[in-house]
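Generate coordinates for the sequence data below:
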Amino acid sequence: MTTLAKGARQMCAVRFTSVHKSKRISVLKTVLQSALCTADLARYLAFSICVSAFGLSTHSHASLIYNDDFARANTSIVSNGWSELEADGNDIAIYGERMRLRDYINSGITNASITIATTGYQSIDISFDWQVLSSTEASDSFGLMVNDDTIWQTNLGTSGTFSQTVSLGDRANNQLLLTLSFWLDVNSRTESMYLDNIKVFGDSFDSGDISGDNNARDSVHSVPEPQTLSLGFLGFGILLTLRCRRQKKKALSQKYGFNAIN
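As a prediction, the model looks like this:
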């Protein structure tokens, strides 16, 4: 073989090796780009799932309007704004950092009430814990009033500690004076129960939107809740998927000289 022919073969081998090396590098870059896109997508979708889970478990109310955990010394005067309707001076009292309701002389209904303001709030809820002693009977009852109307009540007779959340309805929206009353009606003397952790929640809205207790809710600015936000994150994840696929196809088309199918 002549020297010229040998040189030509060596040049062809070098070019062949260079071309294949270039293609291998291009394929590696494409794979790395695809892997990076996949990793970004995985992180994004994971974050979306976390937000969605948080949204499903989060209380929707934004503001605490009123709270009383009765964490004060034992006394026959509840104080902290509470009014007491009782036959015996000790029927309504603070005992063991709870508010006790009883009817010691069986004279009628025992009633403890608090007046609060819900101005600027709607969708009002009240939550509370209550404990029933074994001395009560099934015919005894306990309830919650808003102003002059009983909106929730239950029979007693079963001992234990319970938790309750009650929606106060439209009547509680945007009120300058709203009276909440807890009453106890029992059949025998010395029967009693305890209340604790009374909390009132509400959704706030801009002062410029207030137009009355029942109409205010119609002009409230909507605020995205976590469930809505999670859908937004999921949408971004889908867009990121499409972007990654488009970049990958474009890279393959440029490096290998064919048209990627969308």
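
Correct me if wrong: Met99 contacts Tyr194.
Yes. Under the criterion of CB atoms under 8 Å, Met99 makes contact with Tyr194 at 6.7 Å. Every residue, glycine included, has its C-beta placed from N, CA and C.

the more surrounded of those two?
Using other CB atoms under 10 Å, the more surrounded residue of Met99 and Tyr194 is Met99, with 25 against 19.

List the beta-bridge partners for the more buried one.
Applying DSSP bridges to Met99 gives these bridge partners: Ile94, Leu195.

Check Leu180 too.
Under the criterion used here (DSSP bridges), Leu180 is bridged to Ile114, Val146.

Contacts only, for it.
By CB atoms under 8 Å, 6 or more residues apart in numbering, Leu180 lies in contact with Ser113, Ile114, Thr115, Ile116, Ile126, Leu144, Met145, Val146, Val200.

and Glu97, what does it touch?
Contacts for Glu97 (CB under 8 Å, 6+ apart) come out as Asp69, Phe70, Ala71, Arg72, Asp196.

mind running it again at 6 Å?
By CB atoms under 6 Å, 6 or more residues apart in numbering, the residues touching Glu97 are Phe70, Ala71.

what does the one 4 residues further on give?
Residues touching Leu101, when contacts are defined by CB under 6 Å, 6+ apart, comprise Thr110, Leu184, Met193.

Tell me which helix or strand it sits in.
Element membership of Leu101, judged by DSSP states H and E, is strand 99-102.

go on, Gln247?
Counting by DSSP H and E, Gln247 is part of helix 226-256.

shouldn't Val200 be in contact with Phe128?
No. If you go by CB atoms under 6 Å, Val200 and Phe128 don't touch, sitting 9.6 Å apart.

out of these two, which sits in the more crowded spot?
Val200 (24 against 20).

count of residues packed around Arg102?
26.

for Ser141, that is, sorry about that
The burial count for Ser141: 19, using other CB under 10 Å.

try Gln164
Per other CB under 10 Å, the neighbour tally for Gln164 reads 12.

Skipping its backbone neighbours, what lies nearest it in space?
Once flanking residues are discounted, Gln164 sits nearest to Phe128: 5.9 Å by CB to CB, 6 or more residues apart in numbering.

CA-only coordinates of the strand or helix carrying the one you found in CSV, if you can.
Using DSSP H and E, Phe128 sits in strand 121-132. Output of strand 121-132 as CSV, limited to C-alpha atoms (Å, rounded to 0.1, in the frame of the first residue of the first chain):
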residue,chain,number,x,y,z
TYR,A,121,-66.2,39.5,59.6
GLN,A,122,-68.4,36.9,58.0
SER,A,123,-68.9,33.1,58.1
ILE,A,124,-68.6,33.1,61.9
ASP,A,125,-68.0,29.8,63.7
ILE,A,126,-67.7,29.1,67.4
SER,A,127,-65.8,26.1,68.9
PHE,A,128,-65.7,24.9,72.5
ASP,A,129,-64.9,22.0,74.7
TRP,A,130,-67.3,20.7,77.3
GLN,A,131,-67.3,18.1,80.0
VAL,A,132,-70.3,16.3,81.5
